[in-house]
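Asker: Generate coordinates for the sequence data below:
(one chain, ligands or ions: 1)
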Amino acid sequence: MRMPGIDAPKIRTRHFHEAKANGTKITALTSYDALSARIFDAAGVDMLLVGDSAANVVLGRETTLSITLDEMIVLAKAVAVSAKRAMVVVDLPFGTYEISPNQAVESAIRIMRETGAAAVKIEGGVEIAGTIRRIVDAGIPVVGHIGYTPQSEHALGGHVVQGRGASAGKLIADARAVQQAGAFAVVLEMVPALAATEVTQDLSIITIGIGAGNGTDGQVLVWQDAFGLNTGKKPRFVREYANLGADLHTAAQNYIADVHAGSFPAEQESF
Ligand code: KIV
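Answerer: I've put the predicted structure just below:
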């Protein structure tokens, strides 16, 4: 069975399990606003991730660490309004779950209650498994996130591939702990393709890769990277499917030229 069609009702966690069983690849994109969410949903993307990468690509900040739960909730609400079919998943931002499982459950409940999203995502492996269990027990579907975890970038020594050599054992231990805790999916970020394939084969839950090769059950990309709106330095794992940055630059230049020339607005654009 394939994933539900474009006109089908909402995608549920069971559809992802079925997709894994059938070898149907799962697609995910980040989204942080109503208009991009509407376009990606209509295009047939299975999962819309309101990532804390919004701190970088929406708010222009250096790291993801400073984005707050309130800020995430505003963005997630906008995405959830537009998503008719795709599952909307929202990141638990840094500082909203580490202090205690109770804090994590409270943050996850706020996301579910105030946004209309269907699941939360949380970074960490073995060390966060107890917290994942508590959120799942509260009736909230959870996506894990292991390998390179941007909220720990200072502890990890920067943007570096994880799960190489001796740390391959940690990757599989983290993946198993996240699955055992009840997550229905796990993001594998910046890990060697072979290790990601092994983890995918080992787990019964779905794996979604970003910089993890093509052996995972699905893929996710930050849309501003994939569609060329982010004109800054991009990671090697990004493929550019459009050049929206250049298109917008040209469009803005054309608009400026028309206004300067007095040709905009024309008669038919005036009352
Ligand atoms: O915040 C985000 O966009 C993410 C993806 C990189 C998976 O966590």
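
Asker: For the rest of this, base every contact and every neighbour count on C-alpha atoms.
Answerer: OK.

Asker: and the helix or strand harbouring residue 219, which strands flank it?
Answerer: Taking DSSP states H and E as the criterion, residue 219 maps to strand 218-221. Using DSSP bridges, strand 218-221 pairs in its sheet with strand 26-30 (parallel), strand 206-210 (parallel).

Asker: With mean pLDDT added, can I get these in CSV?
Answerer: Putting the strands paired with strand 218-221 into CSV (pLDDT from 0 to 100) gives the following:
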stretch, mean pLDDT
strand 26-30, 98
strand 206-210, 98
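
Asker: Can you say which of the ones you listed is packed in most?
Answerer: Most buried of the strands paired with strand 218-221, by mean neighbour count (mean count of other Cα atoms under 10 Å): strand 206-210, with a mean of 28.

Asker: sorry, back to before: for the strands paired with strand 218-221, which one sits closest to residue 145?
Answerer: Nearest of these to residue 145, taken as Cα to Cα: strand 206-210 at 9.1 Å.

Asker: So which residues lie in contact with that closest one, not counting its own?
Answerer: 16-17, 20, 26, 184-190, 196, 200, 216-221, 237 (Cα atoms under 8 Å, 6 or more residues apart in numbering).

Asker: Now a PyMOL select for only the buried ones of those residues.
Answerer: Filtering the contacts of strand 206-210 down to the buried ones (16 or more other Cα atoms under 10 Å) takes a single PyMOL command:
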select buried, resi 16+17+20+26+184+185+186+187+188+189+190+196+200+216+217+218+219+220+221
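
Asker: From the contacts of strand 206-210, which land in helices?
Answerer: For these, the ones inside helices are 16, 17, 20, 196, 200, with DSSP state H as the criterion.
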